[in-house]
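Colleague: could you look at this predicted model? Sequence included:
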Amino acid sequence: MPHSVTKAVIPAAGLGTRFLPATKALPKEMLPVVDKPAIQYVVEEAVRAGLQDVLFVTGRNKNALENHFDRATELEMILTSKGDAQKLSRVAESTDLANVHYVRQGDPKGLGHAVLRSRDHVGGDSFAVLLGDDIIDGRDMLLERMLQVHDAKDSCVVALMEVDPAQAHLYGIATVEATDEDDVVRVRGLVEKPEPGTAPSNLAVVGRYVLKPEIYPVLEQTEPGRGGEIQLTDALLTMADDEVFGGLHGVVFRGRRYDTGDRLDYIKANVQLAVEREDLGPGLRAWLREFVDGFER
C-alpha cells in the first residue's frame with residue numbers, strides 16, 4: 001500500500017567490539033551472512049518497503065561499507081571480459097539498490113545522537129530508522145506494516161517482539177495498552193535495559209522505528225542517559241507522553257528476525273538463512289543431520 005515515508009536512516013558508526021578481531025579492520029556491518037554483507041539485507045528491506053532514499057550514519061574506518069554500495073568498475077570490467085553475467089549481476093545489485101547517502105556521526109554519543117545527525121538530510125519528513133544488527137526475513141512485512149500504522153495513527157511507531165523474560169534486561173522494554181488491532185499497541189512506557197527481574201513486560205523494542213520529524217527537537221533536549229549516551233528510547237518516551245506528538249504506537253512482530261549483533265546468534269542467522277536457499281539448503285541440511293548425529297554419539 002502507498003505510504004508517506006520515502007527515507008530510511010541506517011546508523012552504522014559502531015565499532016563492533018563483540019566481533020573482534022574480525023572487526024579490527026572490517027566494519028561489523030560488512031560481516032557476511034551467507035554470501036551478502038549483513039547491511040545489504042537491511043537496505044534491501046528498506047527498498048522493498050518503498051524507501052529508495054537511504055542515509056547511512058557512519059564513523060571512521062567505514063570505507064568498505066561505502067565501497068560496497070559504489071561501482072566496482074575494474075571488477076565489472078573483468079567479469080564482463082570473462083562473460084560471467086551471473087556474477088556481474090550480483091556485483092551490480094548492491095550498486096543499483098537505492099539512492100545512498102552518508103553522514104559522519106563524529107562523537108559516538110549513542111543511537112539518539114546518530115539519529116539526530118540525520119536531520120539535515122531528512123528535513124521535515126517522517127522517516128524510518130533501521131538498525132543493521134537486525135535482519136528481518138524478506139517474507140515478513142514488518143516495515144511495511146509499521147509505515148501503514150504511522151500513516152493511520154500519525155504517530156511514531158516502534159517494532160516490538162516478545163522475548164524470554166530472563167533476557168528482558170538486554171533490551172528496551174515497553175509498557176503497552178491494547179488497541180482494536182491485534183498487532184498494534186499503544187506504548188505508554190519504555191525502559192532501556194531494565195535490571196533483571198524488573199522489566200514491566202516481555203515486549204522488547206527491536207531495531208525498526210518510524211519517526212516523525214518532531215523527534216529532532218526532542219532529541220536535542222534529551223540529556224545523556226544510560227552509558228552516558230543520548231538514548232533514542234528516552235526521546236520516544238517523551239513522545240509517548242505527549243498527545244501533541246500523536247503518542248507512540250508499537251507493531252508486535254511475530255515473524256522471523258535474525259540477530260547478527262551477537263556471535264552465537266550471528267552463526268544461527270547464517271545457518272537459518274542458508275538452509276532455506278535452493279542452491280545451498282539441500283546439501284547443508286543433509287550435512288547438518290550427519291554432523292549432529294555424529295556429535296551426539
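Modeller: That came in fine, so what should we check first? The shown structure was predicted, so the numbers you read here are calculated from the model rather than taken from an experiment.
Colleague: you'd agree residue 56 is in a strand?
Modeller: Yes. Counting by DSSP: H, G, I helix; E, B strand; the rest coil, residue 56 is located in a strand.
Colleague: ok, it touching residue 8?
Modeller: No. Using CB atoms under 8 Å, residue 56 is not in contact with residue 8, being 9.6 Å away. (C-beta placed from N, C-alpha, C; glycine too.)
Colleague: shaky segments in the protein?
Modeller: By pLDDT under 70, the low-scoring segments of the chain are 1-3, 296-297.
Colleague: please parse it into its domains.
Modeller: Annotated domains of the chain cover 7-261, 262-297 [automatic domain parsing].
Colleague: quick one: distance of the shortest one to the chain centre.
Modeller: Right, domain 262-297. 24 Å (CA atoms, centre = their mean, to the nearest Å).
Colleague: for residue 271, give me phi and psi.
Modeller: Phi and psi for residue 271, reported as degrees, to the nearest 10, are phi -70, psi -50.
Colleague: what number of residues lie near it?
Modeller: By other CB atoms under 10 Å, the residues close to residue 271 number 14.
Colleague: run through the residues that contact it.
Modeller: 284, 288 (CB atoms under 8 Å, 6 or more residues apart in numbering).
Colleague: now do 10 Å
Modeller: Applying CB atoms under 10 Å, 6 or more residues apart in numbering, we find residue 271 in contact with 34, 258, 284-285, 288.
Colleague: so which of the residues you listed wins on neighbours?
Modeller: In the contacts of residue 271, the most neighbours by other CB under 10 Å go to residue 258, 20 neighbours.
Colleague: so what's that one closest to, chain neighbours aside?
Modeller: residue 269 (3.7 Å; CB to CB, 6 or more residues apart in numbering).
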